[in-house]
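S.K.: A structural model of the following input is requested.
(one chain, ligands or ions: 1)
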Amino acid sequence: MRLDRFLSNLPCFNRQQVRLLLVERRVRVDGIAVADPKHEVREFSRVEVDGQVLQAGRPARYFMLHKPAGCVSATLDPQHPTVLDLIDEPDKGDLHIAGRLDYNTTGLMLITNDGQWSRRLTQPKTKLPKVYYVETEQPIEQAYVAKFHEGFYFAFEDLTTQPAELVVLGSHSARLSIVEGRYHQVKRMFGFYDNKVVGLHRERMGPLVLDPELLPGQYRALRPDEIASI
Ligand code: URA
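M.R.: Okay, the predicted model is just below:
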(Lines give C-alpha, C1' and ligand atoms only; values in the text may rest on other atoms or scores of the structure.)
Protein backbone atom coordinates (compact mmCIF):
# COMPACT_ATOMS: atom_id res chain seq x y z
CA MET A 1 0.00 0.00 0.00
CA ARG A 2 1.19 3.59 -0.65
CA LEU A 3 2.59 5.35 2.41
CA ASP A 4 0.11 8.27 2.20
CA ARG A 5 -2.83 5.83 2.07
CA PHE A 6 -1.42 3.75 4.93
CA LEU A 7 -1.16 6.90 7.11
CA SER A 8 -4.53 8.41 6.22
CA ASN A 9 -6.25 5.07 6.89
CA LEU A 10 -5.19 5.46 10.53
CA PRO A 11 -7.74 7.18 12.77
CA CYS A 12 -5.17 9.75 13.95
CA PHE A 13 -4.37 11.56 10.66
CA ASN A 14 -6.39 13.13 7.86
CA ARG A 15 -5.01 13.57 4.34
CA GLN A 16 -3.92 17.16 4.92
CA GLN A 17 -1.97 16.12 8.04
CA VAL A 18 -0.38 13.23 6.14
CA ARG A 19 0.84 15.60 3.42
CA LEU A 20 2.45 17.80 6.08
CA LEU A 21 4.03 14.87 7.95
CA LEU A 22 5.69 13.73 4.74
CA VAL A 23 6.86 17.20 3.67
CA GLU A 24 8.30 17.80 7.13
CA ARG A 25 10.09 14.42 6.89
CA ARG A 26 8.61 13.20 10.17
CA VAL A 27 7.82 9.73 8.81
CA ARG A 28 10.41 6.96 8.89
CA VAL A 29 10.07 3.59 7.13
CA ASP A 30 12.51 0.93 8.24
CA GLY A 31 14.52 3.63 10.01
CA ILE A 32 14.82 5.98 7.01
CA ALA A 33 12.98 9.31 6.67
CA VAL A 34 10.60 9.12 3.69
CA ALA A 35 8.87 12.06 1.99
CA ASP A 36 7.52 10.20 -1.07
CA PRO A 37 3.76 9.59 -0.66
CA LYS A 38 3.97 6.66 -3.11
CA HIS A 39 6.58 4.81 -1.05
CA GLU A 40 5.40 1.19 -0.70
CA VAL A 41 4.45 0.07 2.82
CA ARG A 42 4.33 -3.68 3.32
CA GLU A 43 3.38 -5.89 6.24
CA PHE A 44 7.15 -6.26 6.80
CA SER A 45 7.79 -2.48 6.99
CA ARG A 46 8.35 -0.69 10.27
CA VAL A 47 6.59 2.70 10.19
CA GLU A 48 7.25 5.51 12.68
CA VAL A 49 5.97 9.08 12.99
CA ASP A 50 7.99 11.39 15.26
CA GLY A 51 9.65 8.27 16.66
CA GLN A 52 6.33 6.64 17.59
CA VAL A 53 5.92 3.16 16.10
CA LEU A 54 2.68 2.82 14.10
CA GLN A 55 3.49 -0.58 12.62
CA ALA A 56 6.29 -2.75 14.03
CA GLY A 57 6.64 -4.84 10.85
CA ARG A 58 6.67 -8.63 10.75
CA PRO A 59 10.00 -10.21 9.88
CA ALA A 60 10.07 -11.46 6.28
CA ARG A 61 11.46 -15.01 6.09
CA TYR A 62 12.92 -16.91 3.15
CA PHE A 63 14.31 -20.46 3.07
CA MET A 64 15.64 -22.89 0.49
CA LEU A 65 15.01 -26.58 1.11
CA HIS A 66 16.39 -29.62 -0.66
CA LYS A 67 13.11 -31.49 -1.02
CA PRO A 68 13.53 -35.23 -0.68
CA ALA A 69 11.34 -37.76 -2.50
CA GLY A 70 8.34 -39.02 -0.52
CA CYS A 71 7.00 -35.83 0.96
CA VAL A 72 4.20 -33.57 -0.16
CA SER A 73 4.43 -29.90 -1.06
CA ALA A 74 1.68 -28.89 1.28
CA THR A 75 1.59 -27.25 4.65
CA LEU A 76 -0.71 -29.98 6.07
CA ASP A 77 -1.40 -33.55 4.97
CA PRO A 78 -3.27 -36.20 6.96
CA GLN A 79 -1.25 -39.13 5.51
CA HIS A 80 2.19 -38.11 4.34
CA PRO A 81 5.07 -36.04 5.72
CA THR A 82 5.05 -32.52 4.34
CA VAL A 83 7.93 -30.21 3.42
CA LEU A 84 7.00 -28.03 6.39
CA ASP A 85 7.64 -31.00 8.71
CA LEU A 86 11.29 -30.61 7.67
CA ILE A 87 11.43 -26.98 8.74
CA ASP A 88 12.27 -26.26 12.36
CA GLU A 89 11.21 -22.62 12.72
CA PRO A 90 8.70 -20.73 14.89
CA ASP A 91 5.34 -19.66 13.43
CA LYS A 92 5.41 -22.19 10.61
CA GLY A 93 1.73 -21.50 9.91
CA ASP A 94 2.86 -18.19 8.44
CA LEU A 95 4.99 -19.86 5.75
CA HIS A 96 4.01 -21.02 2.27
CA ILE A 97 5.67 -22.80 -0.63
CA ALA A 98 6.71 -20.86 -3.73
CA GLY A 99 6.25 -23.39 -6.54
CA ARG A 100 5.13 -26.87 -5.56
CA LEU A 101 6.81 -30.13 -6.52
CA ASP A 102 5.23 -33.57 -6.86
CA TYR A 103 5.52 -36.19 -4.13
CA ASN A 104 8.55 -37.92 -5.68
CA THR A 105 10.20 -34.87 -7.27
CA THR A 106 13.36 -33.74 -5.48
CA GLY A 107 15.36 -30.53 -5.42
CA LEU A 108 15.00 -26.82 -4.89
CA MET A 109 11.98 -25.67 -2.95
CA LEU A 110 11.55 -22.11 -1.73
CA ILE A 111 9.54 -21.35 1.39
CA THR A 112 8.60 -17.87 2.59
CA ASN A 113 5.97 -15.72 4.30
CA ASP A 114 6.31 -13.00 1.61
CA GLY A 115 3.48 -13.42 -0.88
CA GLN A 116 4.67 -10.66 -3.21
CA TRP A 117 8.10 -12.24 -3.47
CA SER A 118 6.75 -15.73 -4.16
CA ARG A 119 4.36 -14.39 -6.81
CA ARG A 120 7.26 -12.76 -8.65
CA LEU A 121 9.01 -16.12 -8.59
CA THR A 122 6.14 -18.24 -9.87
CA GLN A 123 4.05 -16.01 -12.17
CA PRO A 124 4.44 -17.12 -15.82
CA LYS A 125 4.59 -13.46 -16.89
CA THR A 126 7.90 -12.96 -15.00
CA LYS A 127 9.34 -15.73 -17.23
CA LEU A 128 11.84 -16.93 -14.64
CA PRO A 129 13.29 -20.22 -15.88
CA LYS A 130 12.75 -23.28 -13.66
CA VAL A 131 15.42 -25.81 -14.51
CA TYR A 132 14.89 -29.56 -14.05
CA TYR A 133 17.06 -32.61 -14.50
CA VAL A 134 14.80 -35.30 -15.99
CA GLU A 135 15.14 -39.07 -16.37
CA THR A 136 12.70 -41.02 -18.50
CA GLU A 137 11.62 -44.61 -19.05
CA GLN A 138 11.97 -44.50 -22.86
CA PRO A 139 14.82 -42.94 -24.89
CA ILE A 140 14.64 -39.18 -25.45
CA GLU A 141 14.82 -38.41 -29.17
CA GLN A 142 16.60 -35.33 -30.51
CA ALA A 143 13.32 -34.50 -32.29
CA TYR A 144 11.75 -33.66 -28.89
CA VAL A 145 13.83 -30.46 -28.73
CA ALA A 146 11.86 -28.62 -31.44
CA LYS A 147 8.50 -29.72 -30.01
CA PHE A 148 9.40 -28.55 -26.50
CA HIS A 149 10.30 -25.19 -28.02
CA GLU A 150 7.11 -25.03 -30.10
CA GLY A 151 4.86 -25.88 -27.11
CA PHE A 152 2.31 -28.52 -26.08
CA TYR A 153 -1.42 -27.93 -26.09
CA PHE A 154 -2.87 -28.57 -22.61
CA ALA A 155 -6.60 -29.13 -23.16
CA PHE A 156 -7.56 -28.81 -19.48
CA GLU A 157 -6.18 -25.25 -19.25
CA ASP A 158 -6.83 -24.57 -22.97
CA LEU A 159 -3.33 -23.19 -23.50
CA THR A 160 -0.13 -23.96 -25.32
CA THR A 161 2.96 -24.10 -23.15
CA GLN A 162 5.54 -21.35 -23.60
CA PRO A 163 8.80 -22.17 -25.40
CA ALA A 164 10.85 -24.56 -23.28
CA GLU A 165 14.51 -25.39 -23.69
CA LEU A 166 15.35 -29.08 -23.72
CA VAL A 167 18.96 -30.23 -23.74
CA VAL A 168 19.37 -33.98 -24.28
CA LEU A 169 22.12 -35.22 -21.96
CA GLY A 170 21.97 -38.97 -22.52
CA SER A 171 19.72 -41.65 -24.00
CA HIS A 172 17.26 -41.31 -21.07
CA SER A 173 18.19 -38.00 -19.47
CA ALA A 174 17.79 -34.29 -20.23
CA ARG A 175 17.87 -30.84 -18.71
CA LEU A 176 14.67 -28.87 -19.18
CA SER A 177 14.05 -25.18 -18.62
CA ILE A 178 10.44 -23.98 -18.42
CA VAL A 179 9.06 -20.57 -17.53
CA GLU A 180 5.67 -21.75 -16.23
CA GLY A 181 4.71 -24.12 -13.48
CA ARG A 182 1.53 -25.80 -14.73
CA TYR A 183 0.16 -28.80 -12.88
CA HIS A 184 2.49 -31.81 -13.52
CA GLN A 185 3.90 -29.78 -16.40
CA VAL A 186 7.09 -31.73 -17.05
CA LYS A 187 5.38 -35.13 -16.82
CA ARG A 188 2.63 -33.99 -19.18
CA MET A 189 5.16 -32.68 -21.71
CA PHE A 190 6.96 -36.03 -21.85
CA GLY A 191 3.56 -37.72 -21.67
CA PHE A 192 2.90 -36.36 -25.17
CA TYR A 193 5.40 -39.06 -26.30
CA ASP A 194 4.09 -41.65 -23.82
CA ASN A 195 7.47 -41.35 -22.20
CA LYS A 196 7.16 -41.68 -18.44
CA VAL A 197 9.27 -39.42 -16.22
CA VAL A 198 10.99 -41.67 -13.69
CA GLY A 199 13.25 -39.07 -12.07
CA LEU A 200 12.71 -35.34 -11.67
CA HIS A 201 14.93 -32.92 -9.80
CA ARG A 202 14.63 -29.11 -9.73
CA GLU A 203 18.07 -27.54 -9.87
CA ARG A 204 17.23 -23.85 -10.16
CA MET A 205 14.47 -21.25 -10.07
CA GLY A 206 15.63 -18.09 -11.89
CA PRO A 207 18.85 -16.95 -10.25
CA LEU A 208 18.38 -19.20 -7.19
CA VAL A 209 20.36 -22.42 -7.42
CA LEU A 210 19.98 -25.34 -5.02
CA ASP A 211 22.90 -25.13 -2.59
CA PRO A 212 25.07 -28.23 -3.19
CA GLU A 213 25.85 -28.29 0.55
CA LEU A 214 22.22 -29.14 1.35
CA LEU A 215 21.48 -32.84 1.61
CA PRO A 216 17.93 -34.04 0.84
CA GLY A 217 15.72 -32.85 3.71
CA GLN A 218 18.05 -30.02 4.77
CA TYR A 219 17.33 -26.31 4.45
CA ARG A 220 18.88 -22.92 5.09
CA ALA A 221 17.82 -19.27 5.19
CA LEU A 222 18.36 -17.34 1.96
CA ARG A 223 21.13 -14.75 1.94
CA PRO A 224 20.15 -11.06 1.43
CA ASP A 225 21.61 -11.08 -2.10
CA GLU A 226 19.53 -14.16 -2.98
CA ILE A 227 16.34 -12.55 -1.64
CA ALA A 228 17.04 -9.35 -3.58
CA SER A 229 17.70 -11.25 -6.82
CA ILE A 230 13.97 -12.01 -7.27
N1 URA B 1 6.58 -30.82 -13.34
C2 URA B 1 6.09 -32.00 -12.90
O3 URA B 1 5.50 -32.76 -13.65
N4 URA B 1 6.28 -32.31 -11.61
C5 URA B 1 6.96 -31.52 -10.74
O6 URA B 1 7.12 -31.87 -9.57
C7 URA B 1 7.46 -30.31 -11.23
C8 URA B 1 7.26 -29.98 -12.54
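
S.K.: ok, now which ones touch Ala142?
M.R.: Actually, residue 142 is Gln. It isn't Ala. By Cβ atoms under 8 Å, 6 or more residues apart in numbering, the residues touching Gln142 are Val168. Using the backbone N, CA and C atoms, a C-beta is placed for each residue, glycine as well.

S.K.: hmm, 10 Å instead?
M.R.: By Cβ atoms under 10 Å, 6 or more residues apart in numbering, the contact set of Gln142 is Leu166, Val168.

S.K.: got the domain ranges for this protein?
M.R.: Listed domain ranges for the chain are 3-55, 62-224 (source: automatic domain parsing).

S.K.: next, the contact list for the closest residue to Val197 other than its chain neighbours, please.
M.R.: Distances taken as Cβ to Cβ, 6 or more residues apart in numbering put Lys187 closest to Val197, at 4.8 Å, once the chain neighbours are dropped. Counting by Cβ under 10 Å, 6+ apart, Lys187 touches Asp102, Thr105, Val134, Thr136, Asn195, Lys196, Val197, Leu200.

S.K.: the third one: what secondary structure?
M.R.: For Val134, the secondary structure call by DSSP: H, G, I helix; E, B strand; the rest coil comes out as strand.

S.K.: leaving out chain neighbours, which residue sits closest to it?
M.R.: Spatial nearest neighbour of Val134, chain neighbours left out: Ala174 (5.0 Å); criterion: Cβ to Cβ, 6+ apart.

S.K.: okay, now the one you found: neighbour count?
M.R.: 20 (other Cβ atoms under 10 Å).

S.K.: quick one, helices of this structure?
M.R.: Chain-ordered helices for the chain, with DSSP state H as the definition, fall at 3-8, 15-23, 115-122, 144-150, 185-191, 224-228.

S.K.: interface residues of this structure facing the ligand?
M.R.: By Cβ under 6 Å from any ligand atom, the residues of the chain that approach the ligand are Leu101, Asp102, Thr105, His184, Gln185, Val186, Lys187, Leu200.
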